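Participant: Kindly generate the corresponding structure for this input.
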Amino acid sequence: MTVSFLQQNSAWRPVPVADALEVLGRWLVIAAVFAAMVTPRWAFGSIRFGLTDVLFVCGAGFWGLSWVAAGSRSAAVSAAKWPALVLLAGVVSIVVTSDPWGTAKGIVELLGLWVLPAIAIVGLFKSDLLRRHVLSAASLGTLSAAAINIVTALQMGLGGSLPQVWGAADGFQGYFQTLGITVALPRLASAVSANRLNGIVGWSSALVMHVAALLLTQTRGAWIAAVFVAAVLTVAHGRLLFAVTAVAFVGTFIAVGLSADWATLIRERVESVFRFEAGLSGVDSSIIRVALALTSLQMFVAHPLTGIGLKSFPLALPYYATDALPLAVAMGSGQVLTTIEGPHSTYLSLLAETGILGFVAFVGWVSSAWIAAYRSYRAQRSKEWSMSAQVSFTLLGGISAIVVFNLFGEMNASGATPLIVWLSLAHRLNRCRSSAAPAANV
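Facilitator: So this is what the prediction gives:
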């Protein structure tokens, strides 16, 4: 039987076009994750974005086009139910906001950086192999940033004090290094289990670089995140060998660092989280954060249902802040005076700006992703560091870091691409694993 060219063309065209768009979208997201670690963000007035945000949105957009072109493919809309609820809370908050333009911008950010990518990432990374690819991109990005930052610190000199080196990712840098640790640990454990000497040496070196770069950021929240991640992964793994291996490589390097002249700085910055004592390094920042937390709670009490309006924190701050709270603080290694735009916590930001709905929805998003990663790992842990176990373990560690990050940083901002990827990859991990088609080549 002969088939006309038109029939052949109409039956053949949608599949390769859809596949090509999907592969392109996947590569763009992978590139966005790498770029988040090594490229800076730009500011155009009140709008801030970076290369990672452009690549991320384009990647999600190409997946959307592939979904339309394929016609028969299903979209994992439920993967975005929690960020969609946050978006809904942001929309509701527009009725009380004092900054309609800022709230509208925040709504667009949530739609473009949270909701649509949450759907797209599940569709783009449907197998453990593909998920491993994007996690490897994060590892490569953090290692590249770590190498650059360590070289920068050596050029500045480690004589009298520890230099603060954030790198291109600014305040995200320490947390990204923690994500790098979560990639390196399970792969080191796999190498130890398989007795692969090159893997042991390589991933041990990666851990040392990550810890060194993490110390250089002097980001206390990231230090706490790393400790929390180590505790969670050690308890989840439940094997003495893994705990001893992790402590041996990470603990040894920290011990060497603490013997240096600048150990006092590290100790004081850690102490300033728990003790508000004059003279401690970082104590002013700790006091300001406590004041911002109290201010956020006052905003929530005043508007518990709607909040003060998404992205309205800077305008509302003078009306709720105590007299001693400054409206601008020195940030980063350059100590640039920066206007306070939020309470430096995603939890507090959403609680103050979107009320109870936005806060509960965000907590639901993070906690459900953590539970999914934990259950997936528990189901795979008997397989002796199979790819599935590595991926689940990496996501569990990364989401544990994100839990802490949101206590000290704000995820509803540009540059947070890897955090969104980690949450989205974990959200439907078990369901995707059971129903995924064979992995496509990337």
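
Participant: CA only for contacts and neighbour counts going forward, please
Facilitator: Will do.

Participant: and the gap between Ala70 and Gly157?
Facilitator: 56 Å (C-alpha to C-alpha, to the nearest Å).

Participant: helices and strands around whichever strand or helix holds Gln177, which ones?
Facilitator: Assigned by DSSP states H and E, Gln177 belongs to helix 173-194. Helix 173-194 sits against helix 128-156, helix 197-217, helix 220-237, helix 240-246, helix 387-408, with contacts defined as 3 or more C-alpha pairs under 8 Å, 6 or more residues apart in numbering; DSSP states H and E.

Participant: one step back: pick out whichever of Ala70 and Gly157 has more residues nearby.
Facilitator: For Ala70 versus Gly157, the count of surrounding residues by other C-alpha atoms under 10 Å is larger for Ala70: 19 against 12.

Participant: Isn't that one up against Ala18?
Facilitator: Yes. Using C-alpha atoms under 8 Å, Ala70 makes contact with Ala18 at a distance of 5.4 Å.

Participant: Leaving out sequence neighbours, find the closest residue to the residue nearest the centre of the chain.
Facilitator: Nearest to the geometric centre of the chain sits Leu419, at 2.1 Å (C-alpha atoms, centre = their mean). Spatial nearest neighbour of Leu419, chain neighbours left out: Ile402 (6.8 Å); criterion: C-alpha to C-alpha, 6 or more residues apart in numbering.

Participant: again, but for Met156
Facilitator: Nearest to Met156 is Pro163, by C-alpha to C-alpha, 6+ apart, at 7.2 Å.

Participant: Leu214 is in contact with that neighbour, correct?
Facilitator: No. The criterion here is C-alpha under 8 Å, and Pro163 misses it with Leu214 at 12.0 Å.

Participant: Which residue of those two possesses the greater neighbour count?
Facilitator: Neighbours per residue, other C-alpha under 10 Å: of Pro163 and Leu214, the larger number sits with Leu214, 27 against 19.

Participant: Please give me every residue in contact with that one.
Facilitator: By C-alpha atoms under 8 Å, 6 or more residues apart in numbering, the residues touching Leu214 are Gln173, Gly174, Tyr175, Gln177, Thr178, Ala222, Trp223.

Participant: ok, of those residues, which come out buried?
Facilitator: Burial by neighbour count, 16 or more other C-alpha atoms under 10 Å: within the contacts of Leu214 this picks out Gln173, Gly174, Tyr175, Gln177, Thr178, Ala222, Trp223.

Participant: can you give me the offset of the longest helix along the chain from its chain's centre?
Facilitator: Secondary structure of the chain per DSSP state H: the longest helix is helix 346-380. Put simply, helix 346-380 sits 13 Å off its chain's centre (C-alpha atoms, centre = their mean, to the nearest Å).

Participant: list the helices and strands that helix packs on?
Facilitator: With contacts taken as 3+ C-alpha pairs under 8 Å, 6+ apart, helix 346-380 sits against helix 81-92, helix 283-302, helix 313-320, helix 387-408, helix 417-427, helix 429-435.
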